[in-house]
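# return atomic coordinates for the entry below.
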Amino acid sequence: MSLPPLVEPAAELTVDEVRRYSRHLIIPDVGMDGQKRLKNAKVLVVGAGGLGSPALLYLAAAGVGTLGIIDFDVVDESNLQRQVIHGQSDVGRPKAESARDSIKEVNPNVEVVLHQDRLESDNALEIFADYDLILDGTDNFATRYLVNDACVILNKPYVWGSIYRFDGQVSVFWNEYGPQYRDLYPEPPPPGMVPSCAEGGVLGVLCASIGSVMVNEAIKLITGIGDPLVGRLLIFDALEMTWREVKVRKDPETEPVTELIDYEAFCGAVSEEATEAAADSTITAPELKDLLDNKPDEIFLVDVREKNEYEIVSIPGATLIPKGEFLNGKAFERLPQDKRVVLHCKSGVRSAEALAAVKAAGFADAVHVGGGVLAWVNQVDPSLPSY
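Numbering: from 1, shown residues only. Predicted structure coming up:
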């Protein structure tokens, strides 16, 4: 469906701006009017990470007048494989500040507004209110539902993207004209069911493919051209190099959004069973080191990550049994009855889920390592690589 332009045009373009955007201006559908709308637009990008990086750079290059960046994280070396707005010299810097500096190099005419806070229910409406359009490049369900609900309440459109390994998705949600995110995902997946990019990985260049489509949709909405992805979900498979489209319709059973809620509780990063299992059965990485040094024959150390993660870095002496084998029951025949089972993963989330299954199977003294292999690297053996 065609929609009216989201933004009124600015009064004029300067001579320098005409030179800069000349390749836009000679496109009849964009022209002076469309470019003036871009100049007058205020767009907020949630997350300066994998999707936010190409999105911010292309929004800036396109001439969007005001770009807001909300991100409280700092640049890590593992980000550089895909987060192209940051460079080696930015490691350790706040992502929002690093992104701002890159944007200024691309287009000094753009006003950049930084929001270096965690997006929460108590600040989302205030932050979003100043912008015409939201781009959601986050990688967790709690923030996605928060962005959706804030946009529904404020009646603002937002462009949503998602990436995982070789797969990407893009859509435009605007409750006034079509479906919202809750029509696509009425309920969040069970805790631990869908791994994050940090757990499952993502092909770096996939971020550019999906991020550029998100910017394409933003430009169409701002200028009122083309057929935006309202009511349509675009799915990309980078291995097969295919794009396919799925219709998304408003669900009459979707509850009206009237207020923002506790989204961490709504999505549940860790299941109740895992939380209960880990409550009195969590040890630290230094405590594991002490057990390995002094009582190695009394414990059975299990790494519940995937094989490719195990090959990157592992704790000496750990046996690899992926979490899925605990959930389907295959792992239990490999656990000794005369040793204390100690589980670990990358950060402690997956091992807590596996711990719940282990305890339910009768291994009452089993424990897991809080912080996982990352804690081991940081607190015990910094010579090992992190990821």
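
# in what helix or strand does the closest residue to A278 other than its chain neighbours lie?
With sequence-adjacent residues excluded and distances taken as Cβ to Cβ, 6 or more residues apart in numbering, A278 is closest to A352, at 4.4 Å. In short, each C-beta sits where N, CA and C put it, glycine included. Counting by DSSP states H and E, the element that carries A352 is helix 349-360.

# so for that helix, mean pLDDT?
Here helix 349-360 scores 94 as its mean pLDDT.

# what residues of that helix count as buried?
V349, R350, S351, A352, E353, A354, L355, A356, A357, V358, K359 (16 or more other Cβ atoms under 10 Å).

# next secondary structure after that helix?
Secondary structure here is assigned by DSSP H and E; on that basis, the next helix or strand after helix 349-360 toward the C-terminus is strand 367-369.

# how distant is that following strand from the center of its chain?
In terms of Cα atoms, centre = their mean, to the nearest Å, the centre of strand 367-369 is set 27 Å apart from its chain centre.

# what strands flank it, and is each parallel or antiparallel?
Neighbouring strands of strand 367-369 in its sheet, by DSSP bridges, are strand 282-283 (parallel), strand 340-344 (parallel).

# hmm, back to that, and which of the buried residues of helix 349-360 is nearest to L343?
Distance from L343 was checked for each of the buried residues of helix 349-360 by Cβ to Cβ. The minimum falls on S351, at 4.2 Å.

# now the closest one: how far from L119?
28 Å (Cβ to Cβ, to the nearest Å).

# I figured P286 hits N378, correct?
No: here P286 does not reach N378: they are 10.6 Å apart, not a contact under Cβ atoms under 8 Å.

# by mean pLDDT, which helix or strand of this structure comes out lowest?
helix 197-200 (a mean of 74; mean pLDDT, DSSP states H and E).

# partners of L234 in the sheet?
In this entry, L234 is beta-bridged to V170, E245, by DSSP bridges.

# returning to that earlier point: packing partners for the helix holding A352?
helix 272-278, helix 323-327, strand 340-344, strand 367-369 (3 or more Cβ pairs under 8 Å, 6 or more residues apart in numbering; DSSP states H and E).

# give me whichever of these is most buried.
strand 367-369 (a mean of 27; mean count of other Cβ atoms under 10 Å).

# and the next element down the chain from it?
For strand 367-369, the succeeding helix or strand toward the C-terminus, using DSSP H and E, is helix 372-379.

# mean confidence for that next one?
Mean per-residue pLDDT for helix 372-379: 96.

# and stretch 231-249, by the same measure?
Averaged over stretch 231-249, pLDDT sits at 97.

# buried residues in stretch 234-253, which are they?
By neighbour count, with 16+ other Cβ under 10 Å as the criterion, the buried positions of stretch 234-253 are L234, F236, A238, V248.

# so can I have CSV of those residues showing secondary structure and distance to Q337?
Output for the buried residues of stretch 234-253, formatted as CSV (DSSP: H, G, I helix; E, B strand; the rest coil; distance: Cβ to Cβ, whole Å):
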residue, secondary structure, distance to Q337
L234, strand, 52
F236, strand, 48
A238, coil, 46
V248, coil, 51
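
# which positions within the helix or strand hosting E17 qualify as buried?
Element membership for E17 (DSSP H and E) is helix 15-20. Of the residues in helix 15-20, those buried under the neighbour-count criterion (16+ other Cβ under 10 Å) are E17, R20.

# other residues contacting it?
Contact partners of helix 15-20, identified using Cβ atoms under 8 Å, 6 or more residues apart in numbering, comprise L25, Q35, K39, G63, N107, N109.
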